[in-house]
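In: I would like to see how this sequence folds:
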Amino acid sequence: MPDWLHIALRSLGAVAYLFILTKMIGKRQIKQLTYIEYIVGITIGSIAAYMATEMDGPVYHSLIAMAVFALVPYAFDWLALKSKTLRDFFQGKSTVLIKDGKILEDNLKKERLTNEDLLEQLRIKNVFRLADVEFACMETNGELSVLLKSQHQTVTPQHLNLHVAPAEEPQAVILDGVIMDEPLSTLGLNRQWVRMELEKAGVALENVYFGQVDRAGQLYLDLYDDKLKVAEPQALKLTWAQLKKCQADLELFSLSTKNEQQKRMYQRDAELLQKVLNQVMPLLTK
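Out: From the prediction side, this is the model:
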């Protein structure tokens, strides 16, 4: 067998074996490396490269070495589960960099970070004013976790005492111009509904690259031809406008009538409808 073909086969075998070992180690090997996993990853890669190019030594020696290194994270994870001390030693501990809005310079030096490094990490988290930060912590994987001060946090429906429906996963109902029946059945819809929506939008099914239905029952379309524009669904906005008109009419009726009983009734209904509008506004005006 020619040397080039031998090297090619050994390389393919090394890649396949590495893939199997990586699947065994788990996703964390890719997503967030601990010290041990970082060392193991480098070492296994070096052994695989040696196995692919070294023609004299037997292949199984390299395979055994890679298998041993792949088992090391399992052993360390098992020890870390048994002991908090060993877990801190192997994986490290998070470091507080900002507390009560103040930078902890000693901890910053401990992590070998400069002020510019800290500001860069904050900008990655979309925080551009240091004065907005209440607490920041460097996690064991090197990521910076940031807690903004209360007055700078994003307002949620809970802050406004609004009750909203649970979030539901949008369903992809059209892929590559083909209607998907299973997601449609999950939403309680059918192919006829999809065709009606496509007809309203003036789009042919074969021209649709991707179609998705949100929890409000609106169909979002992405076409193969990016130059074509699809009109946004107006059903929710029309519903909002109609409800606002009804509420305004009730207030007008309360002002125009001279009957005190009817005036109170119209005012009460207008206030009730206004409460409903406040609750559905996040859904109908998005």
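In: wouldn't Leu79 be in contact with Thr85 here?
Out: No - with contact defined as Cβ atoms under 8 Å, Leu79 does not reach Thr85; the gap is 10.0 Å. Using the backbone N, CA and C atoms, a C-beta is placed for each residue, glycine as well.
In: So which of these two has more stuff around it?
Out: Leu79 (13 against 9; other Cβ atoms under 10 Å).
In: How about Gly211, nearest residue that isn't a chain neighbour?
Out: Ile174 (3.0 Å; Cβ to Cβ, 6 or more residues apart in numbering).
In: So which bits of the helix or strand containing that neighbour are buried?
Out: Assigned by DSSP states H and E, Ile174 belongs to strand 171-175. Of all the residues in strand 171-175, those buried under the rule 16 or more other Cβ atoms under 10 Å are 171, 173-174.
In: same check, this time on stretch 198-205
Out: 198, 201, 203.
In: Can you report how many residues neighbour Arg195?
Out: 12.
In: State the next helix or strand along the chain beyond the strand holding Ile174.
Out: Once the chain leaves strand 171-175, the next helix or strand it forms, by DSSP H and E, is strand 178-179.
In: Distance-wise, check the most centrally placed residue in the chain relative to Arg191.
Out: The geometric centre of the chain, computed from its C-alpha atoms, lies nearest to Glu169 (Cα atoms, centre = their mean), at 12.4 Å. According to Cβ to Cβ, to the nearest Å, Glu169 and Arg191 sit 21 Å apart.
In: what does Asp226 give?
Out: 26 Å.
In: So if I had to pick from the two, which one is more boxed in?
Out: More crowded of Asp226 and Arg191, by other Cβ under 10 Å: Arg191, with 13 against 8.
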